[in-house]
Every structure is written in C-alpha cells, then in structure tokens.
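[1] Next come a sequence and a model predicted from it.
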Amino acid sequence: MKKVGVLVLVLASSCYLWAGSDKEDATERLQKAGDVLHEIMGTPDKGIPSEVIQGAKCIAVVPKMIKGGFVFGAKHGKGVATCRTAKGWSAPAFFTVSGGSWGLQIGVEGVDLVMMIMNDKGMQDLLSSKFQIGAQASASAGPVGRHASAGTDWKLDTEILTYSRSKGLFAGISLEGSWIEQDKDSTVAVYGKKDDSYRAALTGKLATPPEAVPFLKAVGFTEEQAKKAA
C-alpha cells in the first residue's frame, strides 16, 4: 500500500510540474509575441501596412516558427491570437501551426510568423479551433510597407494575410496546406479545464490574464483594459 501511495504522489507531482511547464511556456510565448509586434511596429516602412492592422478582425503571432527539411519540408510552431470584440481586444487564445511542403530545400530556419485575419469568415475559421489553410480558409502573402496599395485585392478577397520575418527581413509567406489547431495544453494551463476556453477567450468571454497584458498592449490594448487585467 505504501508503494501505491508513493506512486500516486509521484504521478500527482509530475502532473503539477507539467502544468507549471505549460504555463511557463504560454507566458514566454506571450512575451515573445509581444516583442515581435513591437519590433514590427518600430519599422513601419518594412512591416505591415497600417490599413491592414486597422482592418484586421484578429491578429495571430507565432514567434520562431521552425521551417526546414531536405526535399520534404515541414513547418511547426506555437502561437497566440486575439480578436476584436465590442470591448476591445480579447483575451489570448493559444494555437499550433503545422504542415508540410514539397520542394528543394535544405536546412532548418526559425521565422517569426504573423497572421492577420481580415474578415468574418477567417475569424469563424479561427474560432473553430481547427482548420486547414487552403482547404477551409484562403490565405496569401500580405502587402508590406507603410501603406497598402489601393489597387490590390487584399481587403476584399483574402481571409488571412500572412507575413514572416527571418534575419531582419519581413515579407509575405505561403502557408498553403498548414493546419491551425487549438493548443489544449496551454489553454488548460492558463484558463483551467474548460472545453470552451479557446473560443470563449477569442469572443471576449474570459478575463485577460495579467501575463497577457504586454502582448495585448502591442496589439492595441487600452490602459483601462490593462488595469482590469492587472
């Protein structure tokens, strides 16, 4: 019986440490995502046009997504997203992005990925907690610069505008075939075991955790919202 009791205690401790690790990972991801947005906003001539930012329904950031492979390529990363609500930007939701590609490519590269969800259809796809870019949601490389050209169709036809930054260069990226899926471990670590926490966060039904304030301030979080979250 003592051995059983010790085993239960060890398993319980392991679960606690794992949850703590997920919480630390989520907090670090929020910080890095905020840093990515701050750096992008600091170089407007080479970043996301103001019209795109102002028109976005949701903003999703994946700091240091991994791309790489030999002949067969692969992408994987963990990100955080927020959507506009009647009361401002929502509490963050955690997700993963993964997918493959075919082509002549060698090596592994870490890139910062930003996705601007531009219309209601794209927002509904994000809220679904799992969807595939190209099959369920259209995406294209977004325009770069201080202002977007009026002659482009980015505002009307594209659900998601994608951007990547690697070695200081900020440009569009193709995510065709990639899957966007809820990161359940991070969601549970931050919000607890609630089946609807992912969707509830993005629709403004959950309070913003204090650790998310720096990221949301980079997006456009108001001081009043920040005080409520503190």
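    Arrived safely.
[2] all contacts plus neighbour counts: C-alpha atoms, from now on.
    Will do.
[3] For this protein, give me the ranges with low pLDDT.
    1-20, 44-46, 66-75, 100-110, 135-138, 140-157, 167-174, 221-230 (pLDDT under 70).
[4] in it, which spans are helices?
    Along the chain, the segments classed as helices by DSSP state H run 2-41, 50-55, 120-127, 154-157, 184-191, 197-202, 213-219, 223-229.
[5] so what's Trp89 up against?
    Contacts for Trp89 (CA atoms under 8 Å, 6 or more residues apart in numbering) come out as Thr82, Cys83, Gly204, Leu216, Val219, Gly220, Phe221.
[6] how long is stretch 47-60 from one end to the other?
    15 Å (CA to CA, to the nearest Å).
[7] Let the chain start at 499 from now.
    Sure, I'll start numbering at 499, so the last one becomes stretch 545-558.
[8] Same question for it: list its buried residues.
    Neighbour counts over stretch 545-558 (16 or more other CA atoms under 10 Å) mark Gly545, Ile546, Pro547, Val550, Ile551, Ala554, Lys555, Cys556, Ile557, Ala558 as buried.
[9] Likewise for stretch 657-667?
    Of the residues in stretch 657-667, those buried (16+ other CA under 10 Å) are Glu657, Ile658, Leu659, Thr660, Tyr661, Ser662, Arg663.
[10] Inside strands: which ones of the residues you listed?
    Judged by DSSP state E, strands contain the following of the buried residues of stretch 657-667: Ile658, Leu659, Thr660, Tyr661, Ser662, Arg663.
[11] Need the nearest residue in space to the last one, chain neighbours excluded.
    Using CA to CA, 6 or more residues apart in numbering and skipping residues adjacent in sequence, the residue nearest Arg663 is Asp610, 5.0 Å away.
[12] so who does that neighbour touch?
    Counted by CA under 8 Å, 6+ apart, Asp610 has contacts Val534, Val559, Val560, Pro561, Lys562, Met563, Ser662, Arg663, Ser664.
[13] how about the fifth one, what does it touch?
    By CA under 8 Å, 6+ apart, the contact list for Lys562 reads Gly575, Gly608, Val609, Asp610, Leu611.
[14] Out of those residues, who's the most crowded?
    Leu611 (26 neighbours; other CA atoms under 10 Å).
[15] bridging residues for that one?
    Leu611 forms beta bridges with Val560, Ser662, as assigned by DSSP bridges.
[16] Hmm, Ile557 and it touching each other?
    No. At 10.8 Å, Leu611 does not count as touching Ile557 under the criterion of CA atoms under 8 Å.
[17] hmm, back to that, separation between the residue nearest to Arg663 and Leu704?
    Taking CA to CA, one finds Asp610 at 27 Å from Leu704.
[18] before we move on, what about Pro590?
    9 Å.
[19] now swap in His536 and tell me
    Counting by CA to CA - His536 and Leu704 are separated by 25 Å.
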